[in-house]
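1. What follows is a predicted structure for the sequence shown.
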Amino acid sequence: MSSAEKKRLRDRRSQQNFRNKKSQHISKLEKQVAHCENNHSDQGVQRLFQVIAGLRRENETLRSRQDGLKYLINSWSAEPDTGTADLSSEDYLSFSKGLSPQFSFQPDFHDSVSSNANALPNTINKLLSASAMTTPPSQAHSPSSELLPPGTTLWNQIPPHSDDLSNPQSIFSCLWFLYPEQITPCPDTLGSPLDILYGTKENALADMIHSALQRRPIRDPERLSIGWLSYHLSRWFLRPSPETYERLPLFLRPVQGQMEVRHPLVLDFLPWPRLRLNLIRRWHFYCSNREDLFGMFACCTKIRWPWGEDILERDDRNELRIKKRFFDTFMSQSGWGLTPEFIRRYPDLVEGMDIREIEFALV
């Protein structure tokens, strides 16, 4: 064969090999496409996405339960004054005897993983409710606005709450209780009023209360007053002690009716005992409209303080502090008022109250 014929033969073999490889590659791709069409349809992908989302939620739940268990174990070895709740031995004994906790778990997931997660303790729920377990609340709706006599009120008598702090979707307010690992180490008293008015990076509880108050269009006097009382009431819930209890004004301390009926945690933050009890008794009626109710309540609750007058002053170290007269005003029940709009819209919530004493019209 001539050299030209040999070249043509080599070219034909090379082209045939190329066609064979191309055919094999196309065949392989066709099989892969067929496999994807059979196993990776839109419905199948959605099903896989649902499985992945469920596994992620289960993982988050297990992590939160694990963190709660670690926190509880660490609190057993901590000293009584390290910032954990001062629960008495009787409280732990009552808990160990099987008394029902104030909050129930409502798992989002299924079967064995959820049952195991539910077995882990919810530390913050126990901190808020253990001291109240020794006297299970009555279901009778007979609240009384009479304050317990000074000196006989037990500082560890936390009102029974119905919130499920293991389920963030069920919490309407007081969202800072969802982060016990951040707010429990905070100091029992506020270092500066600016932490409530403008937020802070050094006190997680004060910063979360500041963020919550930003949702409402309220003046600085009400913002500081509500934030100040909310901080110290939260500290008492987290670390019940004679010291944290004594920092609460008399009108904010629980009354007899609050100890008889389980209710949402946020209701204990209202500044009038009778209004708290009226709302606890009628909560089944207002719970579906609670956003409107609390939105109007925030706008209509006022501090009896002259318009435009400063609420802060500088101390000897040139640091801003609350004016003593303003502090005395919001620490007294007579320093709080409700505008006529709220009273006219919710007359049943002010039932039993002296309207002339609580009504406050801005001029």
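-> Here it is on my side, so go on.
2. give me the number of residues near residue 163?
-> Neighbours of residue 163 under the rule other Cβ atoms under 10 Å: 22. For the C-beta atoms, the positions are set from N, CA and C on the backbone; glycine is no exception.
3. Settle this for me: it is touching residue 267, isn't it.
-> No - with contact defined as Cβ atoms under 8 Å, residue 163 and residue 267 do not form a contacting pair (10.3 Å).
4. Residues in contact with stretch 344-363: which ones?
-> 145, 272, 274-275, 278-279, 282, 293, 296, 302, 304, 307, 334, 336-340, 343 (Cβ atoms under 8 Å, 6 or more residues apart in numbering).
5. Tell me the buried residues within these.
-> Buried members of the contacts of stretch 344-363, scored by 16 or more other Cβ atoms under 10 Å, are 145, 272, 274-275, 278-279, 293, 302, 336-339, 343.
6. Tell me how far residue 275 lies from residue 357.
-> 12 Å (Cβ to Cβ, to the nearest Å).
7. meant to ask about residue 253
-> 19 Å.
8. Show me which of the two is the more surrounded one.
-> Using other Cβ under 10 Å, the more surrounded residue of residue 253 and residue 357 is residue 253, with 20 against 11.
9. Tell me the spacing between that one and residue 48.
-> Remark: distance between residue 253 and residue 48 (Cβ to Cβ) = 54 Å.
10. and if you look at residue 59?
-> Taking Cβ to Cβ, one finds residue 59 at 16 Å from residue 48.
11. Equivalent analysis for residue 221, please.
-> Separation of residue 221 from residue 48 (Cβ to Cβ) stands at 55 Å.
12. Who has more neighbours out of the two?
-> residue 221 (21 against 11).
13. Let's see which of the buried ones among the contacts of stretch 344-363 end up in helices.
-> Mapping the buried ones among the contacts of stretch 344-363 onto helices (DSSP state H) picks out 274, 275, 278, 279, 293, 343.
14. got TSV for those residues, with distance to residue 234 and pLDDT too?
-> Formatted as TSV, those follow (distance: Cβ to Cβ, whole Å; pLDDT from 0 to 100):
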residue	distance to residue 234	pLDDT
274	23	93
275	20	93
278	23	92
279	19	92
293	21	90
343	28	91
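15. now, the most widely separated pair of these?
-> 274 and 293 (16.4 Å; Cβ to Cβ).
16. can you give me the strands in the chain?
-> 301-303, 312-314, 320-322, 336-338 (DSSP state E).
17. wait, which of these is closest to residue 243?
-> Nearest to residue 243 among these is strand 320-322 (19.6 Å), distances taken as Cβ to Cβ.
18. Name the strands paired with that closest one and say parallel or antiparallel.
-> In the sheet, strand 320-322 lines up against strand 312-314 (antiparallel) (DSSP bridges).
19. So for the strand it pairs with, what gets flagged as buried?
-> residue 312.
20. Out of the ones in helices among the buried ones among the contacts of stretch 344-363, the closest to residue 55 would be?
-> Lowest distance from residue 55 to those (Cβ to Cβ) belongs to residue 293, with 38.6 Å.
21. ok, and the closest non-adjacent residue to the closest one?
-> residue 286 (5.4 Å; Cβ to Cβ, 6 or more residues apart in numbering).
22. and that neighbour, how many neighbours?
-> 15.
23. Would you check that it makes contact with residue 279?
-> Yes - counting by Cβ under 8 Å, residue 286 does reach residue 279; the two are 6.7 Å apart.
24. Residue 181 and residue 60, how far apart?
-> Applying Cβ to Cβ, the value for residue 181 to residue 60 is 15 Å.
25. what comes into contact with stretch 321-338?
-> Applying Cβ under 8 Å, 6+ apart, the contact partners of stretch 321-338 are 192-193, 221, 224-225, 228-229, 249-251, 271-272, 300-305, 310-315, 350, 357-360.
26. how about a cut-off of 6 Å?
-> 193, 225, 249, 251, 271, 300, 302-304, 311, 313, 315, 358, 360 (Cβ atoms under 6 Å, 6 or more residues apart in numbering).
27. where along the stretch 251-363 of the chain do the helices fall?
-> Along the stretch 251-363 of the chain, counting by DSSP state H, counting those that start in this stretch, helices occupy 273-281, 283-286, 290-300, 324-330, 340-345, 355-358.
28. Since that was my last question, I'll sign off now.
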